[in-house]
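J.: Have a look at this prediction, sequence included:
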Amino acid sequence: MTGRVLLFVYGTLHPDYQGKPSEFLRARSQRLGSALTSGRLYDAGPFPVAVFDPESQDRIYGELLELTALPATLDWLDRYEGYNPRRPLTSLFIRSEITVFAHDIPYPCFAYQAALPPENLPLIASGDYLAYLAGH
């Protein structure tokens, strides 16, 4: 794998979230800064679910990371997110290529979003999962 691999995280993988998955990822990435993208964020109980939509007026807030220890880190992320690149339609989440903005600069990157549209899940209106958790 050549070149930089960037990842936008907004939930349990966010470097400020306390948990084993975020701890694992902190050791295998470099923080590039806060970022945002267009879409909607939902509360699925133990984790958030994103639906990215470049046409949406809603925003999802997170962190932009540069991954290290490739390709092993990306393989681990796919397993953690329940994404099977060979069978995306049977996956819980899919790894998508999106554009995020950090310091008003667009960055193409990977991010994980719901494989199927969420039904009957509460909207996280702020688009910020960590702030949402702090308010509960």
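T.: Looks like it arrived, so ask away. Numbering: from 1, shown residues only.

J.: Give me the longest strand you can find in the chain.
T.: strand 29-43 (DSSP state E).

J.: Give me the buried stretch members for that strand, please.
T.: 29, 32, 35, 36, 37, 38, 39, 40, 41, 42, 43 (16 or more other Cβ atoms under 10 Å). All C-beta spots, glycine's among them, are computed from the backbone N, C-alpha and C.

J.: go on, stretch 119-132?
T.: 121, 124, 127, 128, 129, 130, 132.

J.: ok, back up a step: for the next helix or strand after the longest strand of the chain, which helices and strands make contact with it?
T.: Going down the chain from strand 29-43, the next helix or strand is strand 48-52, by DSSP states H and E. Other helices and strands packing on strand 48-52, by 3 or more Cβ pairs under 8 Å, 6 or more residues apart in numbering; DSSP states H and E, are strand 29-43, strand 105-114.

J.: Save the ones you listed as TSV, and put in mean pLDDT and distance to residue 17 too.
T.: Converted to TSV, the helices and strands packed on strand 48-52 look like this (pLDDT from 0 to 100; distance: least, Cβ to Cβ, whole Å):
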stretch	mean pLDDT	distance to residue 17
strand 29-43	97	13
strand 105-114	97	14
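
J.: All set, thanks.
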